[in-house]
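Novice: Predicted model and sequence follow; I will ask about them next.
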Amino acid sequence: MTDRYLTTVLKEAERVAEQHDQVARTADNQAHEYLRYAVLRVLEREADHLPSDWTPIDGVTVGYGEDEAMFDSWGSSEDWWETVPPQEACTRFRVFFPDDHQTVPRDIVDVMAALGTWRVWTGSATACGSYDHRERREVHYLWSEGHPVEEVLHERLSSPAEAVAPDGGRTGDVRDRLVVDDDPQPQDDLEPRTKRAIDEAMDVSLLSKGGRYEVQSASGNWYEVDVVDESCTCPDWQQRSPEGGCKHLRRVDHEIKRRRVPRPDGRLPADVN
């Protein structure tokens, strides 16, 4: 059974490399990026290569990110790492599923086993702060970079895609309210505060579908930006709510319009309807 699921994931990873190569253009390990995005698509029923007799369960949402990066964001408030401390060069998958399942659904278990991951945490989504996933449970898996399945994918790809990816790619609640501007404003025409926000060193990643992004500022602090609600957790926004948004809101807006990060609905920049 594991071979069947591995074949499904590998086929979808090939499809990702062919049609969504931007998911790994800036990654040092492209195969790792293609595979983890393929897992998301398979479990969320978006894959192009699901077996005809396989019917994945409804209500599954997949998030993922570097384990150490997640620890830096949530290590002080969540107990995920009490059993297994943050792992270097590992992806942590967070898979949400309906709480009417008493155990982790078999399809999730089989896909993750095929990829060579190991389970490190299971619990209530609400209990660990995932309020967008009320009445759901979540299970966490770790997957180390450099796993042999990456070599299998390398061999299957006739011409590896060039290098770039949206930063991040973690997903969660599903909403689609923002239309990306196909003709972004030239930088010379930008308002001075926005120019400063663009020039400052920041890292932007999609935290969850629905317009929630995570921004690491030049000082090393992490803030959460919601482009739908037009809010930010930084002190500037919380205390002053400056007109036009704080620098983090402005930077996220710029990155979206420049197609450097996933759209607020979770689609990759090239996925324009």
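Specialist: Perfect, thanks for sending it.
Novice: which residue packs closest to residue 251, ignoring adjacent ones?
Specialist: residue 197 (4.6 Å; C-beta to C-beta, 6 or more residues apart in numbering). Backbone N, C-alpha and C define where each C-beta goes, glycine included.
Novice: Does that neighbour touch residue 244 like I think?
Specialist: No. Contact criterion C-beta atoms under 8 Å: residue 197 and residue 244 do not qualify, at 10.0 Å.
Novice: Tell me the residues that contact both of those two, please.
Specialist: With contacts defined as C-beta atoms under 8 Å, 6 or more residues apart in numbering, the residues shared by residue 197 and residue 244 are residue 250.
Novice: Can you give me the end-to-end span of stretch 63-78?
Specialist: 16 Å (C-alpha to C-alpha, to the nearest Å).
Novice: buried stuff in that stretch?
Specialist: For stretch 63-78, a neighbour-count test (16 or more other C-beta atoms under 10 Å) marks 63, 64, 65, 66, 67, 68, 69, 70, 71, 73, 78 as buried.
Novice: Could you do stretch 251-270 as well?
Specialist: 251-257, 259-269.
Novice: Quick check: helices, which of those are part of them?
Specialist: Among these, the ones falling in helices (DSSP state H) are 251, 252, 253, 254, 255, 256, 257.
Novice: can these go into CSV with extra columns for pLDDT?
Specialist: Output for those, formatted as CSV (pLDDT from 0 to 100):
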residue, pLDDT
251, 91
252, 91
253, 89
254, 87
255, 87
256, 87
257, 85
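Novice: ok, so of those, who is nearest residue 55?
Specialist: residue 256 (34.3 Å; C-beta to C-beta).
Novice: my read: the closest one touches residue 268, true?
Specialist: No. Applying C-beta under 8 Å, one finds residue 256 not in contact with residue 268, separated by 11.8 Å.
Novice: Tell me the spatial nearest neighbour of residue 29, not counting adjacent residues.
Specialist: residue 145 (5.7 Å).
Novice: What is the burial count for residue 235?
Specialist: 11 (other C-beta atoms under 10 Å).
Novice: what about it, distance to residue 203?
Specialist: With distances taken as C-beta to C-beta, to the nearest Å, residue 235 is found 19 Å from residue 203.
Novice: Following element in sequence after the helix or strand bottoming out on mean pLDDT in the chain, please.
Specialist: When each helix and strand of the chain is scored by mean pLDDT, DSSP states H and E, strand 203-208 comes last, with a mean of 82. Using DSSP states H and E, the helix or strand that follows strand 203-208 in sequence is strand 212-216.
Novice: what does that next one contact?
Specialist: By C-beta under 8 Å, 6+ apart, strand 212-216 touches 73, 168, 170, 172-173, 202-207, 222-227, 232, 248, 251-252, 261.
Novice: Drop anything exposed from these.
Specialist: 73, 168, 170, 172-173, 202, 204-207, 223-227, 232, 248, 251-252, 261.
Novice: so what's residue 151 up against?
Specialist: Residue 151 sits in contact with residue 31, where contact means C-beta under 8 Å, 6+ apart.
Novice: Can you give me the pLDDT of it?
Specialist: We have a pLDDT of 90 for residue 151.
Novice: ok, it to residue 31 distance?
Specialist: The value you get for residue 151 to residue 31, if C-beta to C-beta is used, is 8 Å.
Novice: do the same with residue 115
Specialist: In terms of C-beta to C-beta, residue 115 sits 12 Å off from residue 31.
Novice: now swap in residue 100 and tell me
Specialist: 36 Å.
Novice: Residue 230 too?
Specialist: In terms of C-beta to C-beta, residue 230 sits 37 Å off from residue 31.
Novice: Equivalent analysis for residue 112, please.
Specialist: 17 Å.
Novice: same check, this time on residue 243
Specialist: 45 Å.
Novice: Sweet, I'm off.
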